[in-house]
Structure formats: structure tokens, C-alpha cells
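# Show me how the following folds:
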Amino acid sequence: MNWSNILTIYGKELRDMLRDRRTLLSMIVIPTLLMPAIMIGIGFIMFKVVRQARATAPTVMIIGGDDSPRARAALAANEKIKFVPLAADWRHQISDKKVRAAVEIPAGFDAALERGDAATVKIYNYEGEMRSGFAVGEVRRFFTDYRDKVITARLEGRGLPATFVKPFEVKTENVAPPEKVGGNVIGGIIPYMFLLLCFTGAMYPAMDLTAGEKERGTMETILCSPVSRLDLVLGKFFMVLTASLSTVLFSLISMGLTFMIGGAVMANMSGAGAAVRTAGAASGTASMLPSIDPLGMLAVLGMVLPMAVFFSAILLTISLFAKSFKEAQSYVSPLIILIVLPGVVGMLPGVELNTRLALVPILNVSLVSKELVSGVWQWHYLALIFGSSCVYAAVALGLAVKMFNREDVIFRT
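Presented below is the predicted three-dimensional model:
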């Protein structure tokens with residue numbers, strides 16, 4: 001192994017890649033500009049849609065209640081709800097999103113409350129629809145307050161305090177630091193994105209340096225040079241690895257800037273109301289943004305490093321079998337599923353890291369990275385996962401070297 005030859009090949013491939021617009025687009029432009037634009041755009045649209053939905057009074061129909069004027073009048077006086085006349089097809093109107101909900105007041109509701117009898121109020125909604133959920137929440141809030149007023153009136157009539165039916169309160173208080181809370185919220189997404197970008201960043205260079213060389217007819221020229229196959233493989237491998245890690249690094253920088261800019265934008269939008277409430281609204285919104293452990297993020301990059309080696313070597317090996325760039329794409333593209341599925345499994349709430357899962361490639365990195373961004377450092381799992389990932393990477397790199405030494409693979413026709 002001659003490091004001078006390896007660096008010469010690496011420098012030659014790096015210059016060729018930097019001259020290729022498609023490489024710059026996939027390695028720098030897309031992860032640096034497109035991903036933040038998508039994240040900020042989607043977040044802005046969601047924020048605007050939800051705020052608009054909350055500001056608009058939902059339309060609700062009242063079913064029954066003709067013999068309960070007090071309850072019906074109190075409900076109709078709620079300014080946060082827009083009541084519309086009852087229609088015979090109210091179920092279809094809710095399903096068609098023309099009406100957001102309907103509330104059914106049982107017959108003799110006022111009389112039942114005076115007698116102390118139990119009564120049931122039904123709320124009909126469109127399950128999973130956002131505006132219908134807002135309508136149900138507002139109607140439910142009204143009847144909860146109405147019930148409390150009835151209970152208070154009954155207790156006062158009997159000379160009993162309000163604590164008679166509510167002797168104690170139950171409150172919850174978060175004791176986890178913001179890093180753990182934020183890591184628990186988005187901890188599964190970050191390693192998933194890193195692994196996916198790590199794979200896609202290496203995909204195009206690996207295909208271009210193998211199948212692309214064959215298609216351009218330059219593979220034979222390179223093999224005729226006074227460089228060993230091992231040096232040739234390692235030079236190309238380091239180029240693919242550079243592209244993979246560069247994609248992840250640019251993505252990390254852009255994600256950090258996205259969180260900073262997005263937090264400032266959301267805080268300004270939240271503080272656009274009254275001047276007195278501006279500071280409180282902005283700080284409330286800022287506290288809602290997820291916070292993650294910066295040291296954990298650096299550790300995630302360390303855990304991703306052997307996976308980048310693994311992806312680069314595997315992609316080089318598979319792409320070498322192809323006779324053309326297009327054929328290499330057909331071989332490599334389905335492999336994205338092997339990256340997506342373990343990443344999705346790692347985001348499931350019931351999947352916890354254990355010794356057995358710590359040996360499953362890709363999934364182990366996804367699970368431990370979720371812990372790292374939460375500030376949880378399980379050193380025995382970290383050592384096991386990093387060690388096993390290095391073994392997988394070494395095996396993949398050894399396989400790439402072996403395939404490059406097979407004439408039937410390089411000159412496959």
C-alpha cells in the first residue's frame with residue numbers, strides 16, 4: 001500500500017468531482033439549501049394553517065335542547081363557536097367538512113340537572129380532522145365549565161365548600177432537562193436524516209467512479225497506470241467517503257442555521273400581537289422549540305462515521321458490477337429501502353436499545369443516536385455499536401478490494 005499513490009488518485013478523483021455540476025448539486029446545494037428551505041417552508045405553512053384554524057370560529061350544529069332553554073342559550077352565547085341551523089343531513093355535512101361538529105342535548109336536560117339526575121351530552125365529530133378537533137375541544141370545554149357551575153351551585157345550596165367534591169388536585173411537573181425533552185421529540189429524526197444523507201451523498205460518486213468509468217472507457221486507462229489495485233480502490237474509496245461525510249456536514253450546518261432562523265421567525269410571528277404580550281409570547285414560542293445536546297450531536301457524527309465507511313464500500317462494490325451508470329442506478333436505488341426501514345423502526349416509541357439490537361447495522365446507530373441527542377450516554381452500548389459498525393465497515397471495504405481484483409467483475413460485459 002503506497003499512500004502517495006492513494007493520495008494522488010484521491011486528488012485526481014476529487015478534482016473531477018468538483019468539476020461535475022451534478023456532484024456539487026447532490027453533495028452541497030441540495031443538503032445545504034433545499035433541506036432548510038423545505039423544513040422552514042413546511043413549518044411556516046403548518047404554523048400559519050394552525051393559527052388560522054384556531055382564529056376561525058368552527059361551525060357547530062345543536063341537536064335537540066328545545067326543552068332546555070338555559071343550557072341552549074348558554075351554549076349559543078359562546079362567541080368562540082359559530083352555530084348554524086340544524087340540517088337533516090348533518091352527518092354528511094360533518095363528513096364533507098361543511099360543518100365541523102354537532103352537539104346533541106338530551107331531552108329534559110335542564111330538568112334533569114335540577115333534579116340531580118345524570119344526563120349525557122353527545123358530540124359528533126370528524127375523527128382526525130383538525131378543525132373538527134378544535135370544535136370538539138371548544139364544545140367540551142364549555143360543558144365542562146357548565147358542569148362545574150352546576151356543581152358549585154348545588155354545593156352552595158347545601159352549605160358545602162367546593163372542595164367537597166374536589167378534595168385535592170393532581171399536577172404534573174417536568175423534571176427532565178430541555179435537552180432530554182427535545183431529544184425525545186426529534187431524537188429519532190436526526191439519525192434517520194444523517195444516515196439517509198450519508199447514503200445518498202455516497203451513492204452518486206460511487207456509481208460515477210465505477211460504472212461511470214466503464215461507460216466512459218477510462219477504467220482500462222486507470223488500470224494500466226503503475227498503481228496497485230489496492231491503492232486504486234482506496235483512492236476511489238476515500239473520494240466516496242469524502243462526498244458522504246461532506247453531505248452530512250453541510251446538512252448539519254444547514255440544520256443548525258435552520259433551527260436558529262426558524263426559531264427567530266416563529267418568535268417574531270408569535271409576538272406580533274399586543275406589545276405588552278410580545279416578550280411573553282416570544283419566549284413561550286422559543287421554549288417550544290426542541291433543544292438537543294450539542295455534545296450528543298458530535299457523538300452522533302462519530303457514530304455515523306463507520307456507517308459512512310460501510311455505505312461507501314458497499315456502494316463501490318455493488319456499482320462495480322454494473323456495465324453502465326444507468327444499470328448501477330437500478331442496482332443501488334432499491335438499497336435506500338434498507339436505510340429507510342431501520343431508521344423508521346428506530347423512531348418507533350416501543351423500540352428500546354438492547355444488546356441484541358446493538359448488533360443490527362443501521363438500526364443500532366439510529367437507536368443509540370436517539371439517546372445521545374437526549375443527553376443519555378450508555379457507554380457499553382456505545383462501545384459495542386461503534387465496534388460492530390467498524391467490523392461491518394472493514395468487511396465491506398475488504399469486499400470492495402476483493403471485487404476490484406477480479407477481472408470478470410471489472411470487465412464484465
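
# Point out where the stretch 101-250 of the chain drops to low pLDDT.
Along the stretch 101-250 of the chain, segments meeting pLDDT under 70 span 176-188, 220.

# And the strands in it, which stretches?
In the stretch 101-250 of the chain, the strands defined using DSSP state E, counting those that start in this stretch lie at 101-105, 122-125.

# looking at those, which is buried most?
Across these, averaging neighbours per residue (mean count of other CB atoms under 10 Å) puts strand 101-105 on top, at a mean of 22. For the C-beta atoms, the positions are set from N, CA and C on the backbone; glycine is no exception.

# what does that one contact?
58, 60-65, 68, 71-72, 75, 86, 90-91, 94, 121-126, 132, 135-136, 139 (CB atoms under 8 Å, 6 or more residues apart in numbering).

# One more: stretch 383-390?
So stretch 383-390 is contacted by 302-303, 306-307, 309-310, 355, 358-359, 361, 364-365, 368 (CB under 8 Å, 6+ apart).

# before we move on, what about stretch 359-369?
Under the criterion CB under 8 Å, 6+ apart, residues 187-188, 190-192, 194-195, 300, 303-304, 307, 310, 338-339, 342-343, 345-347, 351-353, 357-358, 378, 381-382, 384-385, 388-389, 392 lie in contact with stretch 359-369.

# Which of those fall in helices?
When DSSP state H is applied, the contacts of stretch 359-369 are split such that 190-192, 194-195, 300, 303-304, 307, 310, 338-339, 342-343, 345-347, 381-382, 384-385, 388-389, 392 fall in helices.

# related to what we said a few turns ago, how about the strands of the stretch 101-250 of the chain in TSV, adding distance to residue 214?
Below are these laid out as TSV (distance: least, CB to CB, whole Å):
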stretch	distance to residue 214
strand 101-105	64
strand 122-125	61
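
# So for residue 5, which of these sits nearest?
Comparing the strands of the stretch 101-250 of the chain against residue 5 with CB to CB, the closest turns out to be strand 122-125 (70.0 Å).

# and the closest one, what other elements does it pack with?
helix 90-95, strand 101-105, helix 130-157 (3 or more CB pairs under 8 Å, 6 or more residues apart in numbering; DSSP states H and E).

# swap the cut-off to 7 Å and go again
strand 101-105, helix 130-157 (3 or more CB pairs under 7 Å, 6 or more residues apart in numbering; DSSP states H and E).

# The longest one: which residues count as buried?
Spelled out, it's helix 130-157. Residues 131-136, 138-139, 142-143, 146, 155 are the ones in helix 130-157 that count as buried (16 or more other CB atoms under 10 Å).

# same check, this time on stretch 223-240
Quick answer for stretch 223-240 (16+ other CB under 10 Å): 227, 231-240.

# want to throw those residues into TSV with distance to residue 29?
Below are the buried residues of stretch 223-240 laid out as TSV (distance: CB to CB, whole Å):
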residue	distance to residue 29
227	32
231	32
232	29
233	29
234	28
235	25
236	23
237	24
238	23
239	19
240	19
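
# okay, now the domains of the chain?
3-48+177-410, 56-164 (automatic domain parsing).

# ok, now how distant is residue 361 from residue 388?
Residue 361 sits 7 Å away from residue 388, going by CB to CB, to the nearest Å.

# ok, now residue 52?
Applying CB to CB, one obtains 49 Å for the distance of residue 52 from residue 388.

# between those two, which one's more packed in?
Ranked by neighbour count (other CB atoms under 10 Å), residue 52 and residue 388 place residue 388 first, with 17 against 10.

# and the residue nearest the centre of the chain, what is it in contact with?
In the chain, the centroid-proximal residue (CA atoms, centre = their mean) is residue 189; its distance is 4.1 Å. By CB atoms under 7 Å, 6 or more residues apart in numbering, the residues touching residue 189 are residue 347.

# now residue 327
residue 211.

# Would you mark the buried spots in the helix or strand hosting it?
Using DSSP states H and E, residue 327 sits in helix 325-332. Residues of helix 325-332 classed as buried by neighbour count (16+ other CB under 10 Å): 325, 327-329, 331-332.

# thinking again about what came up before, give me the subset of the buried residues of stretch 223-240 that lies in helices.
Among the buried residues of stretch 223-240, the ones falling in helices (DSSP H) are 231-240.

# Pipe those into CSV and attach distance to residue 206 per row.
Output for these, formatted as CSV (distance: CB to CB, whole Å):
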residue, distance to residue 206
231, 18
232, 14
233, 12
234, 14
235, 13
236, 8
237, 9
238, 12
239, 9
240, 5
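
# Determine which stretch of the domains of the chain is the most buried.
When you average the neighbours per residue for each of the domains of the chain (mean count of other CB under 10 Å), domain 3-48+177-410 leads with a mean of 18.
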